[in-house]
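>>> Generate a structure from the sequence data that follows.
(chains A and B, ligands or ions: 5)
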Number of protein chains: 2
Amino acid sequence: MTEWVRLSPEDNVVTATRALPPGHAVEGVATAGPIPSGHKIATRSIAAGERVVKYAQMIGLASTDIAPGEHVHTHNLAFEATAGAYEFGTDLRDVVPASGDTFQGFRRADGRVGTRNYVAVVTSVNCSATAARRIADAFGPEELSAYPNVDGVVAYVHGTGCGMAGDGEGFEALQRVMWGYARHPNHAAVLMVGLGCEMNQIDWLLDAYGLKQGPTFRVMNIQNVAGLRRTVEAGIARIREMLPAANEAARTSCPASDLTVALQCGGSDAWSGITANPALGHATDLLVAQGGTGVLAETPEIYGAEHLLTRRAVSEAVGRRLVERVEWWKDYTARNLGSMDNNPSPGNKAGGLTTILEKSLGAAAKGGTTPLTAVYKYAEPVMTRGFTFMDSPGYDPASVTGQIAGGCNLVCFTTGRGSAFGSKPAPTIKVATNADLFARMPEDMDIGAGEILTGGASVEEKGREIYDTFLRVASGEQTRSEAQGLGDYEFVPWQIGAVM
Amino acid sequence: MTEWVRLSPEDNVVTATRALPPGHAVEGVATAGPIPSGHKIATRSIAAGERVVKYAQMIGLASTDIAPGEHVHTHNLAFEATAGAYEFGTDLRDVVPASGDTFQGFRRADGRVGTRNYVAVVTSVNCSATAARRIADAFGPEELSAYPNVDGVVAYVHGTGCGMAGDGEGFEALQRVMWGYARHPNHAAVLMVGLGCEMNQIDWLLDAYGLKQGPTFRVMNIQNVAGLRRTVEAGIARIREMLPAANEAARTSCPASDLTVALQCGGSDAWSGITANPALGHATDLLVAQGGTGVLAETPEIYGAEHLLTRRAVSEAVGRRLVERVEWWKDYTARNLGSMDNNPSPGNKAGGLTTILEKSLGAAAKGGTTPLTAVYKYAEPVMTRGFTFMDSPGYDPASVTGQIAGGCNLVCFTTGRGSAFGSKPAPTIKVATNADLFARMPEDMDIGAGEILTGGASVEEKGREIYDTFLRVASGEQTRSEAQGLGDYEFVPWQIGAVM
Ligand SMILES: [Ca+2]
Ligand SMILES: [Ca+2]
Ligand SMILES: [Ca+2]
Ligand SMILES: [Ca+2]
Ligand SMILES: [Ca+2]
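Numbers count the residues shown, from 1 in each chain, chains lettered A, B, ... in the order given. Ligands and ions are numbered 1, 2, ... in the order given. Here you go, the predicted model:
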């Protein structure tokens, strides 16, 4: 059992992983008093006014001189948010390029690469949900056995699509999600099914994106086809026509740079920011070094740390897009009679979190340390490689739906409380933050990061394990959530705005 | 083919169902000029300033003297909304009580009556969606054949339950929906399945409603059970324990007063307010005369006519609750950067709708003419008999979910464009507004109201047919949507507020 965790060589604090008595040796210094589990210890002198560094990031300023071995918490560490004092590109770290890592993927005609090969039934509105499910359900293992390269026929069904404004943010976000799923590289062929009179018109989508129907892209409406049964029959016939072409896809060797990984956490615990998130961050750094892409999201959970992300932005324009999203969220929550205020709660503080920066950095740690190359709205196509950010809620299914719509072909999801999340068409790899969860839910967790606490692995070693898992899963290895068949009911487009 | 429709004996206008030439005889008067299809004709003299009456309701005031046979439209009919000039109980019509109509229902221990006998798997959050589906799917026709009185095991799965505020309107509405489904008289037994760390805690619900687990009410969380597979297995075992008790339910003769019918429209057309909605309104009047309950909803669609509904309110308190809901909606849509403004569009006016009153009365016509006995928030338990109103969006699945949560044991849904909607646990009867739709979608439509246009039936006759269908369907006769197996994917709790 390790007694503390160092999250970065640059940090001037480490985190105790169990309660430590006074005079206990920690990295060659002696604790100056009792240190509760999860709390921070200074590993060198920090002068009053100097930066306290964790996650290789400033989490606040020393409010008094701090001696090596001292407990670092609210009594000697403070942070005052200085609104508007954003810096851009002042914390750009060199990425040491690497290459040569590959996986076996499905390279599509447009050059993008799939990690799975599904046929999709995409719905515009809840009113075509049953039709879409019925179409997908018609393709059982027996019929699909004739198409060994096809991973399945998946219906993407949701609760929205009408009773909404026909323009504005909510409408645009939903159309981006539909189009993002329709063009996803993990889909070999797509059938869109609508009702006909819904606000979220399939025809508008085709017009807006300049789309034409073709052998692997078809659309239909229940009202045009005249009824549920006929729609289901016609939909099954369309899919049947598309399966041979879908089955022609084959895996070929692709560079790791063709991976776009959704970084996600849900059901977090006090260890998320110490074990699984930093380890995932290291995996992201390894992926970015290869030219790949990580997509951090969950804007409410990085709130308070956005000015540290803007310092990592490759340009002021990229940084300002992030600031703009945070400002949008303040307005969105205020309009909805809520608030973005998630300062560390008394429970957070008891667990060792001192500042809002530190709390948000625990979530942002999933994004590693490389420059922020782009910021996207929810479900926008991720076109830039490297470490990127996509605006989304923290709510797992809504956030992942946006990330997948943006083109993520893998999802890596850290959890401390234990989530049974899974996704299609991009598979989800789940990382447990603690050993107890990994032991309790072995059929749901792919990787245990609790070994960082128990001393079996460093953050870097666990990050390497996660990264290696990316390559294997991208090549077709089944995740735990895939083995359990998850992903058919977790498609949840972010619903913004009034339901009318 | 009839040439006009009279919606109420009290009306001083009728509606042309096809274009009529000048000098054409209509109810003994001669048209004073050409009358477009769908437009209004005065059937007696209306003095300037006098009320123009359609649906037995004032739709505006004559702006000039109108002679019998004249076209009534924007040139001689006007309405100025007089904000705040609400009257309460000034238009209460006597209900002639009737009795003796019965249906075969499942009378529950609390005295309420079910029209179907399902076992429910209710979810608190999307994170338990797959678990709930997997549990319900385990019960196929073979196993259920041992329980002939059980109509099926149904999973209620949705996209919300976390990433939301833990108090306020949205949270309260979702908890009401869960509890409304859990206590629905069409459910013989209920299993609730959550994840464990979600905002919408099952435990809070049990506390708030003072609930205890028992032989036909069980709860479980994936995190407590430790994983998806074990949750599914444990859930299947719980349902298996509950099936014998569920199967003991039997239909007995119940008075029509035990029916609570959700009144709904979706995919409306120019004839909705002329055929199907008034016919459903007459069915509602017949039901209310028997002591039964109709639940009108869809607040945005009655907007502009709320002051006519307040005149039908049995008390000022009931009327003021409706006004309060309309005010809430103005705020809700404004906060969400939208608007309640749905004045007749140019298209509406071309189709013959002159004022916003007339438009909203076309939707409100589903509620008939009897006094408004109660106004409920979304998903509140409907405790008062007679004609009632429940606040909801117009969006079909969200509105019906609230009505069913409120205890509706039947749904009657009018449609002009053609909807493939169906619902569980309360079955949906669908009424087509026009003959073309009824002919095109025969497997989806239960009743065609287009005969009102073609001359085969009066509004009253069609209303009687709908009412008789209530009694037969309530007794177990399968609706078209049930025959097609709809209702498993149309559970959509109204999501109010920010997704975070
Ligand atoms: Ca999170
Ligand atoms: Ca999340
Ligand atoms: Ca089933
Ligand atoms: Ca409607
Ligand atoms: Ca509706």
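>>> OK, contacts around the residue lying closest to residue A:161 once chain neighbours are set aside?
Spatial nearest neighbour of residue A:161, excluding adjacent residues (CB to CB, 6 or more residues apart in numbering or on different chains): residue A:125 at 3.0 Å. In short, each C-beta sits where N, CA and C put it, glycine included. By CB atoms under 8 Å, 6 or more residues apart in numbering or on different chains, the contact list for residue A:125 reads A:160-162, A:194-195, A:198-200.
>>> Pick out whichever of those residues sits closest to chain B.
Distances from chain B to the contacts of residue A:125, taken as CB to the nearest CB, are shortest for residue A:162 (5.6 Å).
>>> tally of neighbours for the closest one?
By other CB atoms under 10 Å in any protein chain shown, the residues close to residue A:162 number 26.
>>> For the stretch 151-300 of chain A, which residue gets nearest to ligand 2?
For the stretch 151-300 of chain A and ligand 2, the shortest gap (CB to the ion) falls at residue A:266, measuring 4.0 Å.
>>> how close does that residue sit to chain B?
8 Å (CB to the nearest CB, to the nearest Å).
>>> Ligand 1 versus that residue, what's the distance?
5 Å (CB to the ion, to the nearest Å).
>>> Now that residue. Nearest residue, chain neighbours left out?
residue A:396 (3.9 Å).
>>> what's the neighbour count on the closest residue to ligand 4 within the stretch 351-500 of chain A?
For the stretch 351-500 of chain A, the residue positioned closest to ligand 4 under CB to the ion is residue A:500, at a distance of 10.4 Å. By other CB under 10 Å, the residues close to residue A:500 number 24.
>>> Could you pull up the residues touching the residue in the stretch 1-150 of chain A that ligand 4 sits nearest to?
Ranked by CB to the ion, the top residue of the stretch 1-150 of chain A for proximity to ligand 4 is residue A:127, at 12.4 Å. Neighbouring residues of residue A:127 by CB under 8 Å, 6+ apart: A:161-162, A:194-195, A:198, A:222, B:266, B:396-397, B:419-421.
>>> And the pLDDT for it?
The predicted structure scores residue A:127 at 97 on the pLDDT scale.
>>> Looks to me like it is in a strand.
No: under the criterion used here (DSSP: H, G, I helix; E, B strand; the rest coil), residue A:127 is helix, not part of a strand.
>>> if we can go back for a sec, now do the residue of the stretch 351-500 of chain A closest to ligand 4 against ligand 5, distance only.
Residue A:500 is 10 Å from ligand 5, by CB to the ion.
>>> quick one, what contacts that residue?
A:163-165, B:300, B:333, B:338, B:393-395.
>>> again, only using 7 Å
Residues in contact with residue A:500 (CB atoms under 7 Å, 6 or more residues apart in numbering or on different chains) are A:163-164, B:300, B:333, B:338, B:393-395.
>>> How about residue A:202?
A:124, A:192, A:194, A:219, A:221.
>>> any chance of those in CSV, plus neighbour count?
Shown next, in CSV, are the contacts of residue A:202 (neighbours: other CB atoms under 10 Å in any protein chain shown):
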residue, neighbour count
A:124, 29
A:192, 27
A:194, 29
A:219, 20
A:221, 24
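>>> confidence score at residue A:166?
So residue A:166 comes in at 89 (pLDDT).
>>> Please see if the helix or strand harbouring residue A:324 touches chain B.
According to DSSP states H and E, residue A:324 maps onto helix A:316-335. Yes: contact of helix A:316-335 with chain B (CB under 7 Å from any CB of the partner chain) involves A:332-333, A:335.
>>> Which is the succeeding secondary structure element to that helix?
helix A:346-350.
>>> Can you pull out the residues in contact with that following helix?
Here helix A:346-350 makes contact (CB under 7 Å, 6+ apart) with A:74, A:359.
>>> mean confidence for that helix?
Rounded mean pLDDT across helix A:346-350 is 82.
>>> quick check, the helix or strand following it touching chain B?
For helix A:346-350, the following helix or strand on the C-terminal side (DSSP H and E) is helix A:356-364. No: using CB under 7 Å from any CB, helix A:356-364 never reaches chain B; the gap is at least 13.3 Å.
>>> Name the SS class of residue A:304, please.
Taken by three-state DSSP, the conformation at residue A:304 corresponds to coil.
>>> Can you tell me how far whatever residue of chain A ends up closest to ligand 4 is from residue B:266?
As assessed by CB to the ion, ligand 4 sits closest to residue A:163 within chain A, at 9.0 Å. Look at residue A:163 and residue B:266: by CB to CB, to the nearest Å, they are 9 Å apart.
>>> State the helix or strand in which the residue of the stretch 201-350 of chain A found nearest ligand 5 lies.
Ranked by CB to the ion, the top residue of the stretch 201-350 of chain A for proximity to ligand 5 is residue A:223, at 15.6 Å. Here residue A:223, judged by DSSP H and E, is contained in helix A:222-225.
>>> Pull the residues that contact that helix.
Under the criterion CB under 7 Å, 6+ apart, residues A:128, A:131, A:195-197, A:228, A:231, A:234, B:417-418, B:420 lie in contact with helix A:222-225.
>>> and the residue in the stretch 1-150 of chain A that ligand 2 sits nearest to, how many neighbours?
Ligand 2 sits closest to residue A:55 of the stretch 1-150 of chain A, with a gap of 18.6 Å, by CB to the ion. Residue A:55 has 25 neighbours, counted by other CB under 10 Å.
>>> Same check on the one 3 residues further on?
Other residues within reach of residue A:58, judged by other CB under 10 Å, total 21.
>>> Distance of the residue of the stretch 1-150 of chain A closest to ligand 4 relative to residue B:145?
The separation that residue A:127 has from residue B:145, given CB to CB, amounts to 32 Å.
>>> For residue A:320, which non-adjacent residue is spatially closest?
Using CB to CB, 6+ apart, the closest residue to residue A:320 is residue A:88 (7.4 Å).
>>> And chain A, what are its domain boundaries?
Listed by automatic domain parsing, the domain ranges of chain A are A:4-78, A:118-248, A:254-483.
>>> first to last residue in the first one, what's the distance?
Terminal residues of domain A:4-78 lie 22 Å apart, using CA to CA, to the nearest Å.
>>> pLDDT value on the residue of chain A most remote from its centre, please?
Ranked by distance from the centre of chain A (CA atoms, centre = their mean), the top residue is residue A:23, with 41.0 Å. pLDDT recorded at residue A:23 is 97.
>>> Residue A:213: neighbouring residues, count only.
Close neighbours of residue A:213, defined as other CB under 10 Å, add up to 11.
>>> Hmm, residue A:206 and it touching each other?
No: here residue A:213 does not reach residue A:206: they are 8.0 Å apart, not a contact under CB atoms under 7 Å.
>>> what ranges do the strands span in the stretch 101-250 of chain A?
Taking DSSP state E, counting those that start in this stretch as the test, the strands found in the stretch 101-250 of chain A are A:102-107, A:113-114, A:118-123, A:152-156, A:187-194, A:217-221.
>>> and the contacts of residue A:202 as JSON lines, adding distance to residue A:444?
Formatted as JSON lines, the contacts of residue A:202 follow (distance: CB to CB, whole Å):
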{"residue": "A:124", "distance to residue A:444": "32"}
{"residue": "A:192", "distance to residue A:444": "32"}
{"residue": "A:194", "distance to residue A:444": "35"}
{"residue": "A:219", "distance to residue A:444": "36"}
{"residue": "A:221", "distance to residue A:444": "38"}
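>>> still on that earlier bit, quick one: classify the residue of the stretch 351-500 of chain A closest to ligand 4 as helix, strand or coil.
Per three-state DSSP, residue A:500 ends up coil.
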